[in-house]
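Chemist: Sharing a model prediction with you, sequence too.
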Amino acid sequence: MTTVSSNEPKRLHPHKFTLWVAMGSICMMFAGLTSAYIVKRNQANWLEFALPKSFYYSTAAIMLSSATMYIALKAFKARERSRYKNFIALTAVLGVLFGVLQTLGFNELTSQGIKLLGFGSNAAASFLVPIIGLHMLHVAGGIIALLVTLFRAFGRKIKSYNTTPIEIVATYWHFVDLLWIYLFIFLAWIK
Amino acid sequence: MSNEAVLHAPTTTITHHHDAHADHGHEHHHHETFITKYVFSQDHKMIAKQFLITGMVWAVLGGLMSVLFRLQLGYPDAKFPWLQDLLGKFWVEDGKITAQAYYALVTTHGTVLVFFVLTAGLSGTFANFLIPLQIGARDMASPFMNMLSYWFFFAASCVMLSSLFVETGPFSGGWTAYPPLSALGQASPGSKTGMDLWLIAMALFVVSSLLGGLNYIATVLNMRTKGMSMTRMPLTIWALFFTAVLGVLSFPVLFSGFILLIFDRNFGTSFYLSDLYVNGVTLPNEGGSAILFQHLFWFLGHPEVYIILLPAMGMVSEILSTNARKPIFGYIAMIGSLFAIAILAFLVWAHHMFVTGLNPFLGSIFVLLTLLIAVPSAIKVFNWLTTLWRGNIRFTPGMLFAIGFVSLFISGGLTGIWLGNSALDIHLHDTYFVIAHFHIVMGVASMFGMFAGVYHWYPKMYGRYLNNTLAYTHFWITLIGAYLIFWPMHYQGLAGMPRRYYDYSIWESFKQFAELNRFISTVAMVVFATQLLFLFNFFYSIFKGRKVTNQNPWGSTTLEWTAPIRPGHGNWPGEIPEVHRWAYDYGKDGRDFVPQTEPVGANESHH
Ligand code: HEM
Ligand SMILES: [Cu+2]
């Protein structure tokens, strides 16, 4: 039994690298949307309104979920399996909570009489739907990835100590968290 | 650590022996069925062929569309009852191509050629085929994602194809899909179901491009064989790498533009719509801006033209050097100019919008940035010409197409400089001058790059040669024909003839062009027919072509020619070769060529 000997510096796993490029690509999509928002805002007929309370709560939820993800990864590396499973599950639950709160936020806006879609809607409000909606889709992708890792952790007979898959999921999760924080600050600031 | 060790080894412990250059991915040959080998294949070489052949199908369809609309332009008074029997009433009525069909044909021709043929067909084919073979990898970083990339493209193709058969016809508002034509179903028949299908197809296409691009970038940066430093890579790989970077950064922006368009179409929002009056009805949309879409579209659109061109540039550099038996002139300058082009490609999009009411001051900045592209472009042309200069040239069909590419790039690049001046563009915008410009510099030139690539790498793809006589006929008729078709369009454009009109014969100013239009249309048909020679040659030679017996038929230095004539999945049966030098040691120290795998000798001269 030998370990890999190599004089080359340790390089990034290709799948991790691919994830980083993909995150760059996702950033470009949101950069496109937010710059469209700015262009549109500088034109006539722009409605100003405050972001709903729920978005503040959802921000707290997703930030918390990043913390639980961090703990889960640590637990995995320390081979504390049950702690790892619990925190992965908790992260997924917080992710779902985030989605629920975002939806509540939309409802809040509608009940304030701000029309998001349909005729008579103002682009300032409409923009929230594609921007936040696309972000929620990315979070949903993250939740699915979390569930897959969770089922693997329960289902496996042979224990795997390969950290790469879970590291990839964790990186992505922190990314959607950061992305939301950017969007939240952007939307709260630039009205 | 070798790539396979990185990919397959658990990071904490390794349970079996792995030497530093472990490569046994090829040894456990899985049982391959017809389905896994030819359909859901994860072998990059098979995926490349799938992209190529799907691209060829689209090229034929897209080419046929252009023949049809050229028929209308060249013979506006003629009647073709037989076409009506063939295509039906939507397309041809009273023996005449209908206006609606004409716009649908122009739009679909543009979309299909730009995205399906020259993006998927070109990058998809050659990035897949050449990246692993030329950098010394067994496959892509993620063969599975690679397979998905093809199947998303296939799905996009099916949806786009289906739009030809719906009752209201395919989308007909131009390949750029500007709103309001693209946003309002009531604006034209093609804006109804046809546009829905167009959007679905393009969304699938964007996903396909992203999956492919991510993989190409990860593969180039992570999977190179031992000794293959970045500055030893062939220029093909550099070009394909920058192409992928452009795609990964610009397609998402197009996607966001499409998302907003979908909201305007289906959910009653007003991102792009304002103050509209359609068929006697005033629309309630207020406050939107159609120009916003143009910004989002061209932020992709301009990089997209380079996504189409760069792979051709890379292959041409490689083929010119190989067949001139000389090192490429200015290797580092070639990389530098690719890099400059990639950066500038993101900073010039507004030159498509000079006449949209853009602030003239902003316009002048975009003029400057646009004209700056001429600098790296000129460096490339200079280096290609100096590579040819006093070379020991072998005029293989691949080489001829590569030289043809250089000629076309010069001709089309020069007219770009005209258009890049916002003052001149006021006159030239949306005329046939623009059509001439981009067909020569992008359409035909990249097509030539693609042909050059196919002729050059065909022996590696299929282990057989193409027929040379057919190839030479194909080349000369296509080159001369392309110039005859597009050169006169400059004059039409300078005379103010607008693009995208159905019938010019009713305009007093353009009646003078009736004969010229007929001439162009006739040549277009001849050139189209000539492509059938190529198709025949391609498919016939797969089965009946002369067999390749020499592992390195062109005397090339690069790694793909060290693999077996018909490489299996995994490319090299033994170890992956190690690289010791750059890819352009031709005519060095009295030797015809020195392969990249040969260690540098003790008293070898420096290049
Ligand atoms: C010296 C370099 C170039 C310059 C300065 C330049 C400039 C321009 C300008 C200003 C336009 C807009 C014309 C108008 O609509 O009024 C244009 C159109 C276009 N160019 Fe270029 N160009 C250059 C090279 C290229 C290259 C290398 C490609 C492709 C590989 C390309 C592809 C296109 C396309 C596709 C369009 C038209 C798109 C459309 O309206 O449908 N150009 N070019
Ligand atoms: Cu451009």
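Modeler: Sure, I can see it. Ligands and ions are numbered 1, 2, ... in the order given.

Chemist: CA only for contacts and neighbour counts going forward, please
Modeler: Fine.

Chemist: Now the residue nearest the centre of chain A. Nearest residue, chain neighbours left out?
Modeler: Centrality entry for chain A: nearest residue to the mean C-alpha point is residue A:176, 2.5 Å, by C-alpha atoms, centre = their mean. Once flanking residues are discounted, residue A:176 sits nearest to residue A:139: 6.3 Å by C-alpha to C-alpha, 6 or more residues apart in numbering or on different chains.

Chemist: for chain A, which helix is longest?
Modeler: Identified as the longest helix of chain A according to DSSP state H is helix A:81-111.

Chemist: any idea of the pLDDT on residue 136?
Modeler: You didn't pick a chain, so chain A it is. On pLDDT, residue A:136 comes in at 97.

Chemist: look at chain B instead
Modeler: So, for residue B:136, pLDDT stands at 95.

Chemist: Please look at it and residue B:225 and confirm they touch.
Modeler: Yes - using C-alpha atoms under 8 Å, residue B:136 is in contact with residue B:225, at 4.9 Å.

Chemist: any residues in contact with both of these two?
Modeler: B:576, B:577 (C-alpha atoms under 8 Å, 6 or more residues apart in numbering or on different chains).

Chemist: if you count what's nearby, which of the two comes out ahead?
Modeler: residue B:136 (28 against 20; other C-alpha atoms under 10 Å in any protein chain shown).

Chemist: Now do the phi/psi pair for that one.
Modeler: Backbone torsions of residue B:136, given as degrees, to the nearest 10, read phi 80, psi 60.

Chemist: residues contacting residue 123?
Modeler: Here I'm looking at chain A. Shown in contact with residue A:123 (C-alpha under 8 Å, 6+ apart): A:40, A:46, A:47, B:269, B:270, B:271, B:287, B:288.

Chemist: actually it's chain B I care about, not the one you picked
Modeler: Residue B:123 neighbours (C-alpha under 8 Å, 6+ apart): B:240, B:243, B:308, B:311.

Chemist: which of the residues you listed tops the neighbour count?
Modeler: Counting by other C-alpha under 10 Å, top hit in these: residue B:311 with 31 neighbours.

Chemist: Spit out the contact partners of it.
Modeler: For residue B:311, the contact set (C-alpha under 8 Å, 6+ apart) comprises B:122, B:123, B:126, B:236, B:239, B:240, B:243, B:449.

Chemist: Closest residue of chain A to ligand 1?
Modeler: Nearest residue of chain A to ligand 1 (C-alpha to the nearest ligand atom) works out as residue A:32 at 20.5 Å.

Chemist: Show me which positions of the one helix or strand that residue maps to end up buried.
Modeler: Using DSSP states H and E, the element containing residue A:32 is helix A:14-41. Of all the residues in helix A:14-41, those buried under the rule 16 or more other C-alpha atoms under 10 Å in any protein chain shown are A:14-23, A:25-34, A:36-37, A:40-41.

Chemist: hmm, back to that, quick one: which of the contacts of residue B:311 sit in helices?
Modeler: Of the contacts of residue B:311, the ones assigned to helices by DSSP H are B:126, B:236, B:239, B:240, B:243, B:449.

Chemist: Is the fourth one in contact with residue B:127, as I believe?
Modeler: Yes - counting by C-alpha under 8 Å, residue B:240 does reach residue B:127; the two are 6.0 Å apart.

Chemist: Next, show the common contact partners of the two.
Modeler: In terms of C-alpha under 8 Å, 6+ apart, residue B:240 and residue B:127 are both contacted by the residues residue B:216.

Chemist: ranges for the strands of chain B?
Modeler: Ranges of strands within chain B are B:92-93, B:96-97, B:277-278, B:281-282, B:586-588, B:591-593, based on DSSP state E.

Chemist: Quick check: which of those strands is nearest to residue B:299?
Modeler: strand B:277-278 (28.7 Å; C-alpha to C-alpha).

Chemist: what's the average pLDDT for that closest one?
Modeler: Strand B:277-278 carries an average pLDDT of 90.

Chemist: Can you tell me the strand partners of that strand and which way each runs?
Modeler: strand B:281-282 (antiparallel) (DSSP bridges).

Chemist: Spell out which residues of the stretch 201-350 of chain B are next to ligand 1.
Modeler: Residues of the stretch 201-350 of chain B that fall close to ligand 1, judged by C-alpha under 6 Å from any ligand atom: B:305, B:306, B:309.

Chemist: Just to check, the first one is in contact with residue B:439?
Modeler: No - Residue B:305 is not in contact with residue B:439 according to C-alpha under 8 Å; the separation is 10.9 Å.

Chemist: ok, the residue nearest the centre of chain B to chain A distance?
Modeler: Geometric centre of chain B, nearest residue: residue B:118, 2.5 Å, by C-alpha atoms, centre = their mean. According to C-alpha to the nearest C-alpha, to the nearest Å, residue B:118 and chain A sit 22 Å apart.

Chemist: With residue B:428 instead?
Modeler: Going from residue B:428 to chain A by C-alpha to the nearest C-alpha gives 27 Å.

Chemist: and the residue nearest to residue A:33 when sequence neighbours are not counted, what does it touch?
Modeler: Nearest non-adjacent residue to residue A:33, counting by C-alpha to C-alpha, 6+ apart: residue B:256, 5.9 Å away. By C-alpha under 8 Å, 6+ apart, residue B:256 lies in contact with A:29, A:30, A:32, A:33, B:296.

Chemist: and the first one, what does it touch?
Modeler: In this structure, residue A:29 makes contact with B:252, B:253, B:254, B:255, B:256, judged by C-alpha under 8 Å, 6+ apart.

Chemist: go on, the fourth one?
Modeler: Listed by C-alpha under 8 Å, 6+ apart, the contact set of residue A:33 reads A:131, B:253, B:256, B:257.

Chemist: So what's the residue count around the last one?
Modeler: Meaning residue B:257. When neighbours are counted by other C-alpha under 10 Å, residue B:257 comes out with 25.

Chemist: If we ignore the residues flanking it in sequence, what's nearest it?
Modeler: Ranked by C-alpha to C-alpha, 6+ apart and with sequence neighbours excluded, the top spatial neighbour of residue B:257 is residue B:296, at 5.5 Å.

Chemist: separation between the one you found and residue B:524?
Modeler: Between residue B:296 and residue B:524 the computed distance is 33 Å (C-alpha to C-alpha, to the nearest Å).

Chemist: same thing with residue B:85?
Modeler: Residue B:85 sits 23 Å away from residue B:524, going by C-alpha to C-alpha.

Chemist: Neighbour count for those two, which is higher?
Modeler: Set residue B:85 next to residue B:524 and count neighbours by other C-alpha under 10 Å: residue B:524 wins out with 23 against 12.

Chemist: For the more buried one, give me its contacts.
Modeler: Contacts for residue B:524 (C-alpha under 8 Å, 6+ apart) come out as B:67, B:70, B:481, B:482, B:485.

Chemist: What degree of burial does residue A:69 show, as a neighbour count?
Modeler: For residue A:69, the neighbour count with other C-alpha under 10 Å is 27.

Chemist: doesn't residue A:169 make contact with it?
Modeler: No - counting by C-alpha under 8 Å, residue A:69 stays clear of residue A:169, with 9.2 Å between them.

Chemist: which residues touch residue B:102?
Modeler: Applying C-alpha under 8 Å, 6+ apart, the residues near residue B:102 are B:69, B:72, B:91, B:502.

Chemist: let's go with 6 Å and repeat that
Modeler: residue B:69 (C-alpha atoms under 6 Å, 6 or more residues apart in numbering or on different chains).
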